[in-house]
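>>> Test case, fold it:
(one chain, ligands or ions: 1)
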Amino acid sequence: MRYWPIVLLALALLAPLPAAAQAASIRVLASLARPDFPGAISFELAAEADADIVAVELLYGETRSEAFTIVDVDITPGRQVEASHRLDTQVYYLPPGTDITYRWQISDAAGNVLESEPQQLLYHDTRFDWSERSERNVTVLWYEGGERFGQELIDSATNTLDRLQRQIGADLDLPVRIYIYASIADMRGALEANEVEWVGGSAWPNLGLIVGAIEPGDSAEVRRIIPHELSHQVLHQATDNPYGGVPRWFDEGLAVYYEEGDGGYYADQVADAARAGQLIPLEALAASFPTDPQQAGLSYAQSREVVAFIDATYGADSLRALTTAFAAATPLEQALEETLGRSVDELDADWRATLGGLGVQPTPDAAPQTAPDDRFSEPPVLPDGAQPDPAAQPGPPPGDDWATRITALPAWASIGGLALCCLALVALAGAGLLVGLRLLGVDKRV
Ligand SMILES: [Zn+2]
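Numbers count the residues shown, from 1 in each chain. Down below sits the predicted model:
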């Protein structure tokens, strides 16, 4: 059948449409959607009416969200019409496992409008023969490694849910699907084309979807990826609200903290950065992480260490209390003050003070404790993790010299001094010029 796919009008947030109107004069003969993973979804309709059908619209969207895309589908008006629309999922990316809801709106020349009943479609990755196991709102899907691997995956998932329930008091209220590919190459075919190179998995908490690559038998990766990604899903479901979000360092820090392992790798990474004076201010990790792999890695490690510090210092209830505060859209500063009695900077400083125990030495050329304007192009440079309390350590730090004292002056003092020097130089040059001109007799008036 010939049809013209029409550019979608807009991704519009629509109020839920009224229940399908009973326009008996318009009848749906067939309606279906066929996924062709990972390239497209084809929607097809056949309908008839007592008067000529003059317009057909397709409405579709992710079932979990209330956003619908509306497409004006080209038809040849008549008592019987066929309409179809091909959604290019290479252009409008959808992750595997997305639930799609769709329906048609059909209008005839007599002014009748029929809204068809909503239909569901699972946009599944049909390239592999998946096995699946479900427990407590989690479904894991895998295709290599047999039942034993599947059991390992679902066990890791339920263990994580138990721990999250105990610690942050939250569970999964909505279903989550976890697609485990046997290799990164297999997984890449399911991810967006421009996904960054080093990504080993992806998650869409708003859709309840996780995609990861774990080779069967790699138990360390199971214990790393499943708890990490499930933590994101549970935290998202527990805190989702239209008014405020969770700081990135808390979300990722909790996820990395939940990975099963001793965490020594992250502590070492943070200690190395502290020695090099390259820790990132906690405040700069609230909104987003750098895309540079090394800086991104450090961001995850630092976030993990701060969450571990909160847990160890303020007790398990503190993580639960923070989660509750974020669920109520409490701003970050207020949430920390109410829960821990500390500001973001104070929490950052408290945590850095603990790094002294790792043998971290102060960095001589300490820079200001602020992130540069663009922390993606220039990693922030900080003092070390062991920040001395100024009140407890009066006087210049060891190794102080004039250069560091001058650079330590406030900006207004440095600029003012420079301006005075310039003025003095200009005055000297002017006086010299006047003397020279007089000697040459230039100033004599004729
Ligand atoms: Zn993460």
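
>>> interface residues of the chain facing the ion?
Contact residues of the chain with respect to the ion, defined by C-beta under 5 Å from the ion, are listed as Glu252, Ala255. Placement of C-beta: from N, CA and C, glycine included.

>>> Tell me which residue in the chain sits closest to the ion.
Closest contact between the chain and the ion, by C-beta to the ion, is at Ala255 (4.4 Å).

>>> Quick one: classify that residue as helix, strand or coil.
Here Ala255 is recorded as helix under DSSP: H, G, I helix; E, B strand; the rest coil.

>>> Please apply the same query to Arg352.
helix.

>>> which stretches of the stretch 1-150 of the chain form strands?
11-13, 26-36, 40-62, 67-73, 78-88, 98-108, 113-115, 119-123, 131-135, 138-142 (DSSP state E, counting those that start in this stretch).

>>> my bad, the stretch 201-350 of the chain
201-204, 209-213.

>>> now the shortest one, how far from the chain's geometric center?
Right, strand 201-204. A distance of 10 Å separates the centroid of the chain from that of strand 201-204, by C-alpha atoms, centre = their mean, to the nearest Å.

>>> just the CA coordinates of that strand, formatted as PDB?
These are the backbone C-alpha positions of strand 201-204, laid out as PDB (Å, rounded to 0.1, in the frame of the first residue of the first chain):
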ATOM      1  CA  GLY A 201      25.400  -0.200  29.800                       C
ATOM      2  CA  SER A 202      22.500   2.300  29.900                       C
ATOM      3  CA  ALA A 203      19.400   2.800  31.900                       C
ATOM      4  CA  TRP A 204      16.200   4.700  31.500                       C
END
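
>>> Which other helices and strands does it contact?
Applying 3 or more C-beta pairs under 8 Å, 6 or more residues apart in numbering; DSSP states H and E, we find strand 201-204 packed against strand 209-213, helix 219-239.

>>> Can you say which of those is packed in most?
Highest mean neighbour count of the helices and strands packed on strand 201-204: strand 209-213, a mean of 24 (counted as mean count of other C-beta atoms under 10 Å).

>>> quick one: strands adjacent to that strand?
strand 176-181 (parallel), strand 201-204 (antiparallel) (DSSP bridges).

>>> Output these in TSV, with mean pLDDT and mean neighbour count appended to each entry.
Listed next are the strands paired with strand 209-213 as TSV, based on pLDDT from 0 to 100; neighbours: other C-beta atoms under 10 Å:
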stretch	mean pLDDT	mean neighbour count
strand 176-181	97	26
strand 201-204	86	20
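
>>> Show me the helices in the stretch 251-400 of the chain, by range?
Using DSSP state H, counting those that start in this stretch, the helices of the stretch 251-400 of the chain run over 264-275, 293-314, 316-327, 332-340, 344-354.

>>> domain assignment for this structure?
Domain assignment for the chain, taken from automatic domain parsing, gives 20-123, 127-237, 241-363.

>>> from the chain's centre, how far out does the longest one sit?
Spelled out, that is domain 241-363. Distance, centroid of domain 241-363 to centroid of chain: 16 Å (C-alpha atoms, centre = their mean).

>>> cool, and the shortest one?
Relative to the centre of its chain, domain 20-123 is centred 32 Å away, using C-alpha atoms, centre = their mean.

>>> can you check the second one too?
Chain-centre distance of domain 127-237: 17 Å, with C-alpha atoms, centre = their mean.

>>> tell me how far the ends of that domain are from each other?
Domain 127-237 has its terminal residues 30 Å apart, counting by C-alpha to C-alpha, to the nearest Å.

>>> Serialize the helices and strands packed on strand 201-204 to CSV and add fields for mean pLDDT and distance to Leu32.
Listed next are the helices and strands packed on strand 201-204 as CSV, based on pLDDT from 0 to 100; distance: least, C-beta to C-beta, whole Å:
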stretch, mean pLDDT, distance to Leu32
strand 209-213, 94, 23
helix 219-239, 94, 31
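
>>> Columns distance to Val54 on top of the ones you listed, output as JSON lines?
Listed next are those as JSON lines, based on distance: least, C-beta to C-beta, whole Å:
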{"stretch": "strand 209-213", "distance to Val54": "39"}
{"stretch": "helix 219-239", "distance to Val54": "44"}
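
>>> bridging residues for Ile41?
On the basis of DSSP bridges, Ile41 is bridged to Pro35, Leu87.

>>> I'd guessed it sits against His124; true?
No - counting by C-beta atoms under 8 Å, Ile41 does not reach His124; the two are 11.0 Å apart.

>>> Between the two, which has more neighbouring residues?
Ile41 (22 against 16; other C-beta atoms under 10 Å).

>>> List the contacts of that one.
Listed by C-beta atoms under 8 Å, 6 or more residues apart in numbering, the contact set of Ile41 reads Ala33, Arg34, Pro35, Arg86, Leu87, Thr89, Leu94, Ile100, Leu121, Tyr123.

>>> Neighbour-wise, which one of the residues you listed leads?
That'd be Leu87 among the contacts of Ile41, by other C-beta under 10 Å, with 24 neighbours.

>>> tell me the pLDDT at that residue?
Looking at Leu87, its pLDDT is 97.

>>> check contacts around Gln120.
So Gln120 contacts Thr63, Asp99, Ile100, Thr101 (C-beta under 8 Å, 6+ apart).

>>> Now Ile106. Nearest residue, chain neighbours left out?
Leu114 (4.6 Å; C-beta to C-beta, 6 or more residues apart in numbering).

>>> re earlier: would you mind finding the most buried of the strands of the stretch 1-150 of the chain?
strand 138-142 (a mean of 23).

>>> how much does that strand deviate in direction from strand 209-213?
Strand 138-142 and strand 209-213 meet at an angle of 30 degrees, taking axes from the mean of the first three to the mean of the last three C-alpha atoms, to 10 degrees as the criterion.

>>> Which elements pack onto strand 138-142?
By 3+ C-beta pairs under 8 Å, 6+ apart, strand 138-142 packs against strand 131-135, helix 146-168, strand 176-181.

>>> and the gap between the nearest residue to Thr160 once chain neighbours are set aside and Ala296?
Counting by C-beta to C-beta, 6+ apart, Thr160 lies nearest to Pro227, which is 4.2 Å off, once chain neighbours are set aside. Going from Pro227 to Ala296 by C-beta to C-beta, to the nearest Å gives 19 Å.

>>> Got the confidence number for Gln393?
Confidence for Gln393, expressed as pLDDT, is 29.

>>> Kindly report the same for Ala24.
For Ala24, the predicted pLDDT is 76.

>>> Then Ala193?
77.

>>> Sounds good, over and out.
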